[in-house]
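[1] Got a predicted model here, sequence first, then my questions.
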Amino acid sequence: MISLRLQCVPALALQLVVMRYRGQVRMPLATPAMLDATKCWVGCGYLTQWCSLRLSSYPVEGDGFREGDIAVSKSGSRSCFARSCLWPKSVDGHVYIAYMLSPEYTDLDRMTIQDGMESIENGTCIRFVPWTHQVDYLDIQPKSGCWSYLGVHGGAQTLSLQAPDCITSGVTAHELMHALGFVHEHSRADRDKYITIQWANIWKEHVKNFEKYRTSNLDTPYDYGSIMHFGKYAYSEDGDPTILPKKNPNAQLGQRFGPSELDKFKINKLYKCGELHASCKIDKKLHLIKRLVSGS
């Protein structure tokens, strides 16, 4: 284990205090010295919850991972454009996603995971329901690391939340958004207009985690504060930033507390959530969100 730079200690320590106070961690109040910086560099501020989104070494049905925590299916689909990769919508306008939680989770683990589900449900048409008989469902297990497949794949679909590292409501929401069909925000096709990737600062074996893909973006503005965005120091080899915002150098990149307003807006637009998708209302909401993101 190696030590973190001193200037990072206050931000990380504060985050630990806040997370513990909110009940999002089940460990005693820790110190930054307990962080295993040999696994990944999380740096200062709102990043990946103490390396909890690190690359997993757990084999996924003979396949691998993309961007650190997206399990690659045999089809190798990189984006979720086709309706076939979206969870079906019920006649009442909601999208019901069944889930099963491993019996290995403690009661507190289960409560924390369900908090992450509720953070997505609030303000969207998504509803997570305990599995009863559904053919397609999320099989949430404490495997190695935090990861999910992209979109719905059919049948029992594994989503890994390893305890204790991955058991926060924010990390849960992040992985659930992958399961809903969302890639990382910094992988957007238009990302080079908004961020600069510092390739020289990235661990060579993790460079592929910063590839960009052909994405529709749902005609929404770039969201620096998305729960799907990497932090400034993600996968840093030497502690220097790996991602820099272009328009505002002091902008916070990413967080793991809950979906941003724009994250929820994208969910509603992708899944055509009822009246929220009506042109007059969606234009007004998008205008307000653009103002919120731009800070004007």
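    On my side now, so go ahead.
[2] Beyond the helix or strand of the chain with the lowest mean pLDDT, next helix or strand please.
    For the chain, scoring each helix and strand by mean pLDDT, DSSP states H and E identifies helix 9-21 as the least confident one, at a mean of 39. Scanning the chain past helix 9-21 towards its C-terminal end, the next helix or strand to appear is strand 65-66 (assignment: DSSP states H and E).
[3] quick one: contacts of the next helix or strand after that following strand?
    Downstream of strand 65-66, the next assigned helix or strand under DSSP H and E is strand 70-71. Strand 70-71 is touched from outside by 60, 63-65, 147-150, 158, 178, 183-184, with contacts defined as C-beta atoms under 8 Å, 6 or more residues apart in numbering. All C-beta atoms are positioned from the backbone trio N, CA, C, and that covers glycine.
[4] Strand 70-71 pairs with which strands, and in what direction?
    Each strand pairing with strand 70-71, determined using DSSP bridges, is listed with its direction: strand 65-66 (antiparallel), strand 146-149 (parallel).
[5] ok, and what's touching stretch 183-192?
    Here stretch 183-192 has contacts from 67, 70, 78-80, 150, 195, 197, 210-215, 217, 222-223, 226, 228-230, 243, 253-254, using C-beta under 8 Å, 6+ apart.
[6] Please repeat the previous calculation with a cut-off of 6 Å.
    Contacts of stretch 183-192 with the rest of the structure, by C-beta atoms under 6 Å, 6 or more residues apart in numbering, involve 67, 212-215, 217, 223, 226, 228-230.
[7] now the stretch 51-200 of the chain, which segments are flagged as low pLDDT?
    Across the stretch 51-200 of the chain, residues meeting the criterion (pLDDT under 70) sit at 51-63, 73-84.
[8] Show me the domain layout of this protein.
    Structural domains of the chain, as assigned by automatic domain parsing, span the residue ranges 6-54+195-294, 65-180.
[9] nearest to His174, of the contacts of stretch 183-192?
    Met228 (6.5 Å; C-beta to C-beta).
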